[in-house]
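Colleague: What follows is a predicted structure for the sequence shown.
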Amino acid sequence: MKKLTALLLAAALCFAALAGCSQPTSQGSDAPSSKPTQGANPTEVLKDPVTVTVWHDGDEGIMQTITDQVNAQLADDQITVVFEKKTDTPNQLKLYGSDAANAPDMYFYAHDVLGTFVAMDILAPLSDVVDSSILADHLAMTVEAGQIGGTQYLLPVYFETLVFLYNKALWEGDIPGTTEELYDYMAAHTDAAAGTYAVVNQHTNAYNVSPFINGFGGYVIDENGKPGLNDPKTIEAATYNQKFGALQADGDYNTVTTLFNEGKAAAIIGGPWLVSGIEAAGIDYGIASLSDIKLPNGNGLAPFSGIQGAGVLKVALAEKKDAIAKVLTAMAAPEVGVDLANKSGCAPANNKSYDDPQVAGNEMIAVIQKTASTARPMPNIPEMNAMWGPAEAMLTAINKNGADPAQAADEAQAAAEQAIADMK
Amino acid sequence: MEQKRRWKPWFYCLPALLLILTVIVFPIAYTGWISLTNMNLYHWTDYEVIGFGNYARALFKFDSGFLSALATTLVWTALNMVIQIGLGFLIALGLNAPGLRLKRVYKTLLMVPWAVPAYISILLWRVGMFNTEFGILNKLLSVLGFAKVDFLAGNGIAFLSCMALNLWMALPFMISTIDGALQSVDGSLYESATLDGAGFWRRTWSITVPAIRPIIAPAAVMTTFITFKQFDIIYLLTQQRGYMTGATLNTVITYAHQNAFASNNYGLSSAVSMLLFVIIILFSILTNRSLRED
């Protein structure tokens, strides 16, 4: 009897261990069925409900705003959009993007990873799904950021860039018009030993130092995939930024945001994503455009801009092409942009959204729009993915360890070139 | 009948073998297979076998930077192990001191670092301990009138900071192992030695150490491997994207990660992984041999 029990248990364990390897059945699938609904009028074919899944790694409130708007528009079509938060969405899509059983139907993310997904051949061009006229009213900068090789892969929904946020209770006087005046203000109002700062910034992050790099005419990587970390203009920018970094505390995200939210820093260079935390901290804040602060060469600070939008997974087209087309059309509507602007302070990609008086009067959006005149969309080629690490290593060496900018730039350039060569 | 008897044990072991095959053997074999292909960003699904080309490229990753990382890893492993075993032994001895009250409370408290997930511990130390603005250490230095110190910026100080955290996380395991081993030593040996006039250190050196050595040896070997292939502490404290501190400290694993895993070239990074796997296996054979000789 004991032997029999042992044998049965061993067999059960083997069965259980392999149970997960079974193929999924059609039960519970979101795929639309062609069967007519029982009891319905035989002459009237009812539409089956379709769920379109979108993976994202962003703010839940923003995604909820989009969900509510799109679902309200598509209620009659029985189409429901569901946003699922996936931490590190790009890596999740690398794992599941070509797997029909596990991939989402769409994703929502910044445009800088677009080239990576296109190189992986997991995205469908928007023209395969929907007419390009849905982009007719969109800002040109946002449309171009969603293209790879002239093909549109991303539907831009809103865009963001860096702005100058300051605590009205702590900042004395006007916001300086030049970086030199800003530096003088920082030098006079920073007491690192006491832990109080005039301006904080993530000075080791290439995105946050981009206002200087782009403003000096430097670049992180060009459109041909050539890294520009040791370009003389980039080195000039990094060298100039060094003295600011010395007065900006440790450059990591948590430190600088906490310093600002706790009233230990009078200003922070950041984006609209900081606003909810700042408001929760009860800070009366003001916003200024970085493009209004001029570098010694006369150019305004020129940050990177990020365009947030939706892409379509190739594997989803077989069963949900029509539903996805309707979702894209609904997402492109100006009403989505209006809601996003009013509820979350996002700058809409659809130009018509700005006709709304509330949007036009939104301070954050006005500043982002103004900064967009000098902002540069982040590069979206696949090689950009390999640039963040070397660029950060270079800025860390310069701003934290006092390394010689030219030498740090040469080392980072070599690392970037090697990383790009390793991609193939 | 004989045939049946021969196969029956294998059948009983089948679930465990299947598990080992799925969890351990398959990933290694699959990595080996991928290392022979051109699987990368541009051949994500349409990859094909290209032979040993990735290994030729991977060998270039084992350059002077790798040798420096290997030296750091050996120093890191040796220092951590010596301190872990030495300090673990002393703390365990202290916990077994006759007349010590609330022993169980101390033992439970000492287990806390081990119970906290490594990722959480590392983030807590990065912000709560080492941060220049909010870390306890800098708060203490400020109170004492000293300037702030960036504990993770330079290689030397970052090495010591990483080691302090590693010891905090790893000591509970060593202490509990040694504490368990100490319970197994026959008390009468100490009584005889005391009657013969042996003092505390003499008893410890001549009775305790030889008695517990066979028991703690496997734990020491296991911890040596874990310390050798340490990745998360050094990576999360000094190299994580968005939180780089300026230290260029590398162990073999962080070096390989930095040089081969940032490019999404799975073929190449699999080849580097397989070569690292061989290095760690060689290290394990050497350590096991020395253990047997011991």
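Modeller: Thanks, I have the structure now.
Colleague: C-alpha only now, for contacts and for neighbours.
Modeller: Fine.
Colleague: what's the helix or strand for A:K326?
Modeller: helix A:317-332 (DSSP states H and E).
Colleague: Also A:A267?
Modeller: strand A:265-270.
Colleague: following that strand, which helix or strand comes up?
Modeller: Following strand A:265-270 in sequence, per DSSP H and E, is helix A:275-280.
Colleague: Which strands or helices does that following helix pack on?
Modeller: Packing contacts for helix A:275-280, counted by 3 or more Cα pairs under 8 Å, 6 or more residues apart in numbering or on different chains; DSSP states H and E, involve helix A:253-261.
Colleague: what does the helix it packs on rub up against?
Modeller: A:200-202, A:249-250, A:265-268, A:274, A:277-278, A:281, A:283, B:133, B:242-243 (Cα atoms under 8 Å, 6 or more residues apart in numbering or on different chains).
Colleague: Recalculate using a threshold of 6 Å.
Modeller: Here helix A:253-261 makes contact (Cα atoms under 6 Å, 6 or more residues apart in numbering or on different chains) with A:200, A:265, A:278, A:281.
Colleague: any idea how far the helix or strand following the helix holding A:K326 is from the chain center?
Modeller: For helix A:317-332, the following helix or strand on the C-terminal side (DSSP H and E) is helix A:334-344. Centroid separation between helix A:334-344 and its chain, computed with Cα atoms, centre = their mean, to the nearest Å, is 17 Å.
Colleague: Could I get the buried residue list for helix A:334-344?
Modeller: Within helix A:334-344, the residues scored as buried using 16 or more other Cα atoms under 10 Å in any protein chain shown are A:334-342, A:344.
Colleague: How many residues are close by A:G177?
Modeller: When neighbours are defined as other Cα atoms under 10 Å in any protein chain shown, A:G177 has 15 of them.
Colleague: Would you quantify the distance from the residue nearest to it when sequence neighbours are not counted to A:D174?
Modeller: Excluding its sequence neighbours, the residue lying closest to A:G177 (Cα to Cα, 6 or more residues apart in numbering or on different chains) is A:I293, at 4.7 Å. According to Cα to Cα, to the nearest Å, A:I293 stands 12 Å off from A:D174.
Colleague: Between the two, which is the more surrounded one?
Modeller: Between A:I293 and A:D174, A:I293 has the larger neighbour count (other Cα under 10 Å), namely 22 against 6.
Colleague: Narrow the contacts of helix A:253-261 to those that are buried.
Modeller: For the contacts of helix A:253-261, buried by 16+ other Cα under 10 Å: A:200, A:265, A:278.
Colleague: follow-up on the earlier one: the strand holding A:A267 - contacts with which helices or strands?
Modeller: Based on contacts counted as 3 or more Cα pairs under 6 Å, 6 or more residues apart in numbering or on different chains; DSSP states H and E, the elements that strand A:265-270 packs against are strand A:163-167, strand A:197-200.
Colleague: Please give me every residue in contact with B:K8.
Modeller: By Cα under 6 Å, 6+ apart, the contact list for B:K8 is empty.
Colleague: before we move on, the earlier item: reformat the helices and strands packed on strand A:265-270 as TSV; add mean pLDDT.
Modeller: TSV is the format used below for these (pLDDT from 0 to 100):
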stretch	mean pLDDT
strand A:163-167	95
strand A:197-200	96
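Colleague: Please identify the deepest-packed of those.
Modeller: Comparing those by mean neighbour count (mean count of other Cα atoms under 10 Å in any protein chain shown), strand A:197-200 ranks first with a mean of 28.
Colleague: on that earlier part again, identify, from the buried residues of helix A:334-344, the entry nearest to A:G215.
Modeller: Nearest to A:G215 among the buried residues of helix A:334-344, counting by Cα to Cα, is A:A341 at 27.5 Å.
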